[in-house]
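Make a model of this:
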Amino acid sequence: MEQNAKTVQKQVIVRLYQPDMDALKGAARQAGLQRDVQLKLYGQAGEVLVVIRAQAYAQAAATELTEMAAEQIEQAVGASAYARGKGSLAYVTAGEMIENECVIAAANPETGALIGEEFAATKRGAKVFDFGESSYNNTRTLHKIEDYAGDPDEETPLQMACDLATAAAKYGKAEFGCAVTGLESEKAVWAAVYYKGRVWARKIRPGEEAGKTAALTILDTVRLILQKQPVPYAKQFRAGKDAVWSEGKRAEKSGGGAGKAVLTALIVIILAAAIGVGVWYALTTFVFTHDEPESSSVSTSQVQSLPESQSTAAASDTGIPQGELPAGNENGEHRLG
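Model (predicted):
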């Protein structure tokens, strides 16, 4: 009877992009332990919607339950939570761009179609995106963008994406430039965003959702940049410079951190040995020879006139070792991989 009386329901949607899934699942389990609260997760192209439903005796109580659960989720995933309710990523990003008085230009029709589809769903889109009017749909501007980026057959898809995004901003007269390459490739799709001399690039697995993922990646990257947040799923490069992608296994193949540590230790040991030899040579040459009292010194002629056995004993008494000094090791610069 008491359970049937809880007829007031409340629903809240928390919208995320590329969240830490472990943190999200942990927070969802924790929030779901609360009585009268249910959570469901829906995902597509990196976007995750967390639907929170609560049931209570009164509206205020139901609202409080959903608010508490939503806050738990948002605190767990940080900046990847971009909105609550029905506001799309394009809507939120366009709002950030309007507030910061900036626009974005696409490098080519393929990229423009992907971004245009997202911005077309919100009235804010036309305020921050020209839908190609002054960029990729303008023949003169498109030729400039293509000339800047160079020959696709001579550049990597990553480099092309970075250069195209840079050129889109430059010739499209926009603060942000964006580009997508590799949509027809079976290896990787690249999404790149230019802003103030830097390019953020993300490698995306090819497939049916690759285009949608690339578009949302571009929108979310712009959002995070304007909010002065890191972009955890992308790498940053200097515009106009070579962009080299590392998968994170390069160090292991080239010897890794342990190899570098051993090499560094060897260099330190060689340097210490060279310094030790130098100090020993200075002590034996200047302390034992030049600083001896004149009364105990032996002239060269006297040493030469002594028999061989006495000469050896005299030398031994002075503390000077016999034989040649070992040559010091020469240590030049060594560039660590």
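
got a list of what the residue lying closest to Ala106 once chain neighbours are set aside touches?
On the basis of C-beta to C-beta, 6 or more residues apart in numbering, the spatially nearest residue to Ala106 that is not a chain neighbour turns out to be Gly112, at 3.9 Å. (Glycine included, C-beta is placed from N, CA and C.) Neighbour list for Gly112: 106, 131-132, 135-137 [criterion: C-beta atoms under 8 Å, 6 or more residues apart in numbering].

So which of these wins on neighbours?
The most crowded member of the contacts of Gly112 is Ala106, carrying 31 neighbours; neighbours defined as other C-beta atoms under 10 Å.

quick one: that residue and Ile115 touch, right?
Yes. Between Ala106 and Ile115 there is a contact at 5.4 Å, judged by C-beta atoms under 8 Å.

what residues are shared contacts of these two?
Shared between the contact lists of Ala106 and Ile115 (criterion: C-beta under 8 Å, 6+ apart) are residues 129, 178.

Run through the bridge partners of Arg202.
Residues in a beta bridge with Arg202, per DSSP bridges, are Ala191.

and it, how many residues sit next to it?
In terms of burial, Arg202 registers 24 neighbours under the definition other C-beta under 10 Å.

Equivalent analysis for the one 4 residues further on, please.
Summarising burial for Pro206: neighbours were counted as other C-beta under 10 Å, giving 15.

My read is that it contacts Ser185, right?
Yes. Distance between Pro206 and Ser185: 6.2 Å, which falls inside the contact criterion (C-beta under 8 Å).

Next, the buried residues of the helix or strand hosting Gln9.
If you go by DSSP states H and E, Gln9 is part of strand 8-17. Within strand 8-17, the residues scored as buried using 16 or more other C-beta atoms under 10 Å are 10, 12-17.

In CSV, list the residues you listed along with distance to Ala56 and pLDDT.
Compiled in CSV, the buried residues of strand 8-17 are given as follows (distance: C-beta to C-beta, whole Å; pLDDT from 0 to 100):
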residue, distance to Ala56, pLDDT
Lys10, 8, 92
Val12, 13, 95
Ile13, 18, 96
Val14, 19, 96
Arg15, 24, 97
Leu16, 25, 97
Tyr17, 30, 97
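
of all those, which two lie farthest apart?
Checking the buried residues of strand 8-17 against each other with C-beta to C-beta, the farthest-apart pair comes out as Lys10 and Tyr17, at 24.3 Å.

right, and the helix or strand after the strand holding Gln9?
With DSSP H and E setting the assignment, the helix or strand that follows strand 8-17 is helix 21-32.

Tell me the buried residues in that next one?
Of the residues in helix 21-32, those scored as buried under the neighbour-count criterion (16+ other C-beta under 10 Å) are 24, 27-28, 31.

same check, this time on stretch 36-51
Neighbour-count burial for stretch 36-51 flags 37, 39, 41, 45-48, 50 (criterion: 16+ other C-beta under 10 Å).

State the pair within those that is farthest apart.
Maximum pairwise distance among the buried residues of stretch 36-51 (C-beta to C-beta): 27.4 Å, between Val37 and Ala45.
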